[in-house]
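*Asks:* need a 3D model of the sequence below.
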Amino acid sequence: MNSQLSAILSQLREPLFAGLATSAFSVLFGLHSADVILASGGSALGWAVLQAMPASGSPAFATFFAALAAGFYAEIAARVRRRPATLYMIASIIPLVPGSGMYYTMLSSLEGNTFRSVELGLSTIMTAFAIAAGLAISNAFARMAFSSTVQGILKKKKIFKNPDKH
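*Replies:* Numbering: from 1, shown residues only. Sure thing, here's the model as predicted:
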């Protein structure tokens with residue numbers, strides 16, 4: 001039983017640290033206390049999804065699903081708190097941003113290792129594109145889901161008028 005608890009705690013350690021790092025960024029970003037907690041939860045969720053993906057797969061593929069999860073979380077948190085979703089999205093993807101990839105790409109370039117520089121640069125660009133794609137898809141699906149829900153509610157209250165019927 002003790003080894004199982006230890007294994008669970010070791011799996012939760014990295015998402016917890018991602019959430020703590022995001023909370024520090026969120027305070028600097030000027031978020032309020034409840035928003036800091038929600039943004040930290042989004043980054044912890046994103047990091048947990050990233051960590052849960054198989055290590056043998058593509059880092060960009062794992063980052064896509066992590067950004068997708070963080071994006072959906074940000075959209076839901078924004079609807080609950082009645083705030084812009086970008087407030088939570090930006091903070092939630094902070095741990096996913098490939099900063100080390102950018103650094104090592106430039107280092108390899110300065111060292112004259114062209115092949116390694118191109119390899120790292122392409123990997124970094126794919127990871128950044130995966131983050132953008134995950135957030136864009138989550139935003140599009142959330143808009144479709146929430147707009148149909150809102151239109152359904154307004155139709156029931158006869159506030160929404162169908163533009164096809166005059």
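*Asks:* what packs against the helix-or-strand element of the chain with minimal mean pLDDT?
*Replies:* Least confident helix or strand of the chain, by mean pLDDT, DSSP states H and E, is helix 2-29 with a mean of 80. Packing contacts for helix 2-29, counted by 3 or more CB pairs under 8 Å, 6 or more residues apart in numbering; DSSP states H and E, involve helix 33-52, helix 85-92. (Each C-beta comes from the backbone N, C-alpha and C, glycine too.)
*Asks:* mind running it again at 6 Å?
*Replies:* helix 33-52 (3 or more CB pairs under 6 Å, 6 or more residues apart in numbering; DSSP states H and E).
*Asks:* didn't residue 43 look like it was pressed against residue 17?
*Replies:* No: with contacts defined as CB atoms under 6 Å, residue 43 does not count as touching residue 17, sitting 9.8 Å away.
*Asks:* more neighbours, the two?
*Replies:* Between residue 43 and residue 17, counting by other CB atoms under 10 Å, residue 43 is the more crowded of the two (30 against 14).
*Asks:* which positions within the least confident helix or strand of the chain qualify as buried?
*Replies:* If you call a residue buried by 16 or more other CB atoms under 10 Å, then helix 2-29 has these buried ones: 15, 18, 19, 21, 22, 23, 25, 26.
*Asks:* remind me, longest helix of this protein?
*Replies:* Ordering each helix of the chain by length in residues (DSSP state H) puts helix 114-156 first.
*Asks:* that one versus helix 85-92: what angle between them?
*Replies:* 150 degrees (axes from the mean of the first three to the mean of the last three CA atoms, to 10 degrees).
*Asks:* now for helix 114-156, which elements pack on it?
*Replies:* By 3+ CB pairs under 6 Å, 6+ apart, helix 114-156 packs against helix 59-81, helix 99-111.
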